[in-house]
Structure formats: C-alpha cells, structure tokens
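Trainee: here are the coordinates; sequence isn't available:
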C-alpha cells in the first residue's frame, strides 16, 4: 500500500533445503508466481540453490525451471549449471550468497535434526529462514528466536501450523493490539478425516484408517497423527510463538482418537454434537490435545480434512479461521507469503 | 519479530474525527492498551485531538482518559486543556501536528461526506488515515489511493468490512503470493440474525425485524441492512481493494431479505440448506448480493450476528474466516491493528 512498494525492485535469492513435497512445491510456486510477485510486491525471487539427500544444485544467477525439474527427477548430474553432488546442504547455506533459506526437511521431534542445524547455520550466515519443519521450533523455539534477534534476521514458520490456513501471522499482524486468551482447534487433517468418515458412515476406526491409508490421507505408520502427537507439537509452537511460553512437547496432555467408537460418535451426534480431536492452549499455560464434544453449530465443527482454529481475543472477540491443513502447494503458499512478509 | 521492533520507541500522535460508538471505542482501546502496545510494538500511542459535532478537544501532549470521558459526556467546555468549541474538524486535521487521523464519522454513500473531505484533508496534511467509514472508499477508492501514494502515506480500512473479522489485510498480507479468485460471504450481521431467528423459531420477517430493532441489532430504519445496500457497499470496497477494480455501488446486482418467508426457510432446511444473504465478488468483475442456499455443513453457514467470508485462492485453496461483524470495541480493534500495521 505504500508508494515505494511498487516502484523499487529487490532481488531475493532463495535456497531450498529438503526437496520433498513441500520443497518442490515451493520451487513450483516461486517459478509460477515470479512475474506476479515482481509486479505486485517488487520482489524478484530467484532460487539459487537446492540441497537434498541426492546432492546439491546451484546457480548464483538463478536456477531455471528446467534445471529444477531435472534435479527433482534425479537426473541432474550432467547439466550446464554448477552441479556438485558432494556439496552438502550446510555448504550451500554457508557459501552461496542468498537472502532466504527455506528449510523443508521432514519434522523430527526427537532432536530436530537435520532441520535444527540447517536453521542455526542459516541464521549464523545472515540468512532469513522460512520453514515448514515443526521439530526445531517445538524443541528449541527460544534459542532460535534469540539467535535470529541477535543476527537481525527473521525466522518465519506459518507453514508449521495449519498449512495454508493463516494463523500465526494472522494473530501477530491482523490481530495486533489484541490480547490472545486462547487458541483452540483441529490442527490435524488426518484425524478430522477419520472422525468425519466414522460419523457419517457409521464405520469403525480401523476400517476408516485403512481407507485413509489407501488414498494417502494417513501414513503407513499413522501413530503421529492418530495419537495426537502432531497436534501436540503444533500446540507447542503456538504456545511459544503466540503466548511467549517456553513449552516443550512434554508439557502437553495428549490423548488421541484411537479409542473412539462409532457408538460414541452416534450418541454425540444424536445429542447435537460432533467429536473432534481438539488442541487447546490458553494464556494460563494449559496445553491439551483430546477428543472433545463440539456443538454441531459451532464454527469448529468442520468436516473432511479441513483444519480450523478459534482464536479468543480480548477486543475482537472470537475469530475463527478454516483452511486446508496439508498439501504441498498449500504449504508452499504459506512459505511464499512468509518470504514476501519479510520484505513488506 | 525483528530485533529493532522491540528496542526503538516511536510516538504516534492520533486524531479521532467522529466520536460516536466507533470513535469512542478507539479512544477506549488506545487508552486501555497503551502500555501493552508500547511494550510489544514500541509504539507510544497518544490521542492529541478529538473532533465531533459538539466541538474539538486538543492536547498536543496527549489527552488523558479523564479529559476524553468528559468530552464524551459533553461536559468538556471547561477543562484545563485547550478546548476550542469553534475549531473545526478540518482545522484539527490540518493544524495540530499528528501522524494518524482516525476517521469514524457515519457512512454516507450518497456523497461520502463529511468523511471524504476529512480523509482528503488528512492525506494532504501528510497524515496516515485509518477509517471505519465505508462511504469515501465505496465512492472514491481510486482517487484516495492515488492521493495516498502521491503523499507517501497509508490509508487503511480493515474496519469497513466485517468489523473485527480480519479480511482485507488477511488477503493482502497473510495470503500474499496467492491470486484471489473470489470472495463470498455474509457481511451483514443484522440480516444474518434475522434469517437465523426466522429459521430457528419459524417466525415471519416482520416479527423478527421488530424484535431485532427492540434489542438494538437492527436500526429504526433498517433498509440499508435488509435491502442489501450495506453488503453491496462492502463488496465494492473488496472489489476495488482486493481485485483492483474501479467499481461503484451501481455495479452491484442487489436483492435483500425482505421477501424471504418462513416457508422458504423451512423448505431449504428440510433439504439440508440454510438461506443466507451472500455477497459475492469474483475476478471476472461479477458483483452480486442475493439470498442464496448454503449447505448446512458449509463453513459459510454461521448463525446469529456473525460475519463470515470464504476467500477462494489459487494456491491456498479456500480460506474461511468468521468473526463479529459489528460492535464498537470490535471495530476499534480493527482500527488499532491498522494503526500498528502502519508502523510494522
């Protein structure tokens, strides 16, 4: 909205570390949206390096779509660009000049690696960090924020909670001035899908889980989702980032959905309720993941794989936001918005 | 999130022009939240002047809560501060040094006055503008934006659409990078209240309208709300600000709720639908306000006085946001967030 936003152009060089669904989604949307973002935000986004288990591809002038597609397909070993199968992700982060490192390796909630080292290295190398990786933030939130502050760099992580559903920056920016009393919601689309199907079709848990696994909504080992662990990790990130707590996974009371029966869902439905796996964090430091009765007319009662969160505030009242919690383009959308926000 | 945000303090002097529900709500929240905003955002918000039909009160060092309360009560003629019953709102805007003018006079969609002149005068005097007044934006959007750009000042107006429900800045900031395909929603809480009551209690329109008037949810002359005019004006603001159109009220196809019968609502309900007054704007320039069938399980199906909007995007999919559309503190919350956003 400021005049200068439209007139100045800034080159923003980006590295992507971790090139699975999310990382390649980021490359795709950065390519697809390049001209639009240049026009609207004055940012000339260039991907200068990608690192993955299969090696590293770099081009300080910006990789082309072709090069990225060939790398993705694992046939990048012979191209005209600087390809270095021996260059590690850390060397890419440290040695190639760029402004923003996108960390998109898988979440590891035991020790946060390799994401944690990637993020620390990037901040120490004066890069901003945008990540979809929950592990480092759930384990070392305060340490990472202090490092970012010391280096005058930003670390943004909208994609870690609720995928494309805006939540963290919504609270920080759009609800600035509001005190946040609590956040309560469905933060795991797999559990929501399973409970919705069980309710609508009157089917047992194991049956719906198998079905969800077949269509790719649940993983082969579904325990992180169905036991509430994924929801708990997201709650920890909200507790630390929104409420300024110093919480870890161990502070969350967690119960999953594995023991919910079709009978329980039917009883609830007849009484005007749905059963949903709700994550709940409040200003008093309560952190809980547990199946709860939600009135069918409540904004929290959304079906399918949707995510939802109700933010209770002291001025604006209750604000509810609903969106897709997963998907590679959806996560990439959140990462792209974070990159743009760094320069807004 | 940046280090410097917490360490630098900036004095932001504010004038409030129009001191009804919204304007006095702004004064209340600025006072109540002063210390918190100073701590969190490094902004020292000071109200240096208030203008209303009953006169103008100014204190370049910042008005106290007492002074504001006495002005509100109409007993401001004799206080120790500079009170000038002859100083006009335009003199306050032009002559008293301040950074942000909050325009909170009532909406006038015929010629936008007096808000339009207030806003133009403020921009010409190098003030940022934050407003809850729909008239000037619905009538002269482009002219105002061009003036703001020329002066290097911002004009923000989150409170004009959806009250406390974040929508305009949500799209601009949190969904930056996304192309917006359409916005569809319930943007008028009075109509939503009337239709919800008619459905739940099987009561005729006139009965529920009278009831709504008695409890202050509908105005004595309810035509702006029930005929869809208020929704249409909000749609015009969205069309211009989000989709870059140059629309006016005359471009909107409008039908209100006055002809909806309890029978129609019951038929819809039995078929699994609710009837809601939906405003709809899309990238092709369609602007329409009309009662529509909404599946009961759709996120748009919210009851009571709530507002809701579903934003269809090209990357993030559908994002829905639900919140309170009206209320003096809720509107003030949106204005406060806008003021903070100018300095973020």
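Mentor: Yep, it's here. Being a predicted model, the structure only gives us computed values, none of them experimental.
Trainee: gap between the closest residue to residue A:204 other than its chain neighbours and chain B?
Mentor: For residue A:204, ignoring the flanking residues on the chain, the nearest one in space by CB to CB, 6 or more residues apart in numbering or on different chains is residue A:262 at 5.8 Å. Yep, even glycine has a C-beta here, placed from its N, CA and C like the rest. Using CB to the nearest CB, to the nearest Å, one gets 19 Å for the distance from residue A:262 to chain B.
Trainee: also residue A:158?
Mentor: Using CB to the nearest CB, one gets 8 Å for the distance from residue A:158 to chain B.
Trainee: so that residue touches residue A:166, yeah?
Mentor: Yes: at 6.8 Å, residue A:158 and residue A:166 qualify as touching, with contact defined as CB atoms under 8 Å.
Trainee: where do the contact lists of the two overlap?
Mentor: Both residue A:158 and residue A:166 are contacted by A:334, A:337, B:174, under the criterion CB atoms under 8 Å, 6 or more residues apart in numbering or on different chains.
Trainee: so residue A:190 makes contact with residue A:213?
Mentor: No: shown here, residue A:190 and residue A:213 do not form a contact pair, counting by CB under 8 Å, at 9.7 Å.
Trainee: quick one, which of those two is more surrounded?
Mentor: residue A:190 (23 against 15; other CB atoms under 10 Å in any protein chain shown).
Trainee: double-check that the more buried one belongs to a helix.
Mentor: Yes: remark: residue A:190 belongs to a helix, assigned using DSSP: H, G, I helix; E, B strand; the rest coil.
Trainee: leaving out sequence neighbours, find the closest residue to residue A:156.
Mentor: Distance criterion CB to CB, 6+ apart; nearest residue to residue A:156, sequence neighbours excluded, is residue A:338 at 3.8 Å.
Trainee: can you tell me the closest non-neighbouring residue to residue A:222?
Mentor: In space, residue A:222 comes closest to residue A:209 once its chain neighbours are excluded; the distance is 6.2 Å by CB to CB, 6+ apart.
Trainee: so the one you found sits in a strand?
Mentor: No: following the definition three-state DSSP, residue A:209 is helix and is not counted among the residues of a strand.
Trainee: these two touch, right, it and residue A:226?
Mentor: Yes: using CB under 8 Å, residue A:209 makes contact with residue A:226 at a distance of 7.1 Å.
Trainee: now list whatever residues contact both of those two.
Mentor: Each of A:194, A:218 lies in contact with both residue A:209 and residue A:226 under the rule CB under 8 Å, 6+ apart.
Trainee: returning to what we had before: residue contacts, the residue nearest to residue A:204?
Mentor: Neighbour list for residue A:262: A:198-199, A:202-204 [criterion: CB under 8 Å, 6+ apart].
Trainee: can you give me the strands for the stretch 1-150 of chain A?
Mentor: Assigned by DSSP state E, counting those that start in this stretch, the strands in the stretch 1-150 of chain A fall at A:10-17, A:43-52, A:55-58, A:83-84, A:100-103, A:128-131.
Trainee: any idea which of these scores lowest on pLDDT?
Mentor: The stretch with the lowest mean pLDDT among the strands of the stretch 1-150 of chain A is strand A:83-84, at a mean of 58.
Trainee: make TSV out of the strands of the stretch 1-150 of chain A and add mean neighbour count.
Mentor: Supplementary listing: the strands of the stretch 1-150 of chain A in TSV, determined by neighbours: other CB atoms under 10 Å in any protein chain shown:
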stretch	mean neighbour count
strand A:10-17	22
strand A:43-52	23
strand A:55-58	23
strand A:83-84	16
strand A:100-103	28
strand A:128-131	28
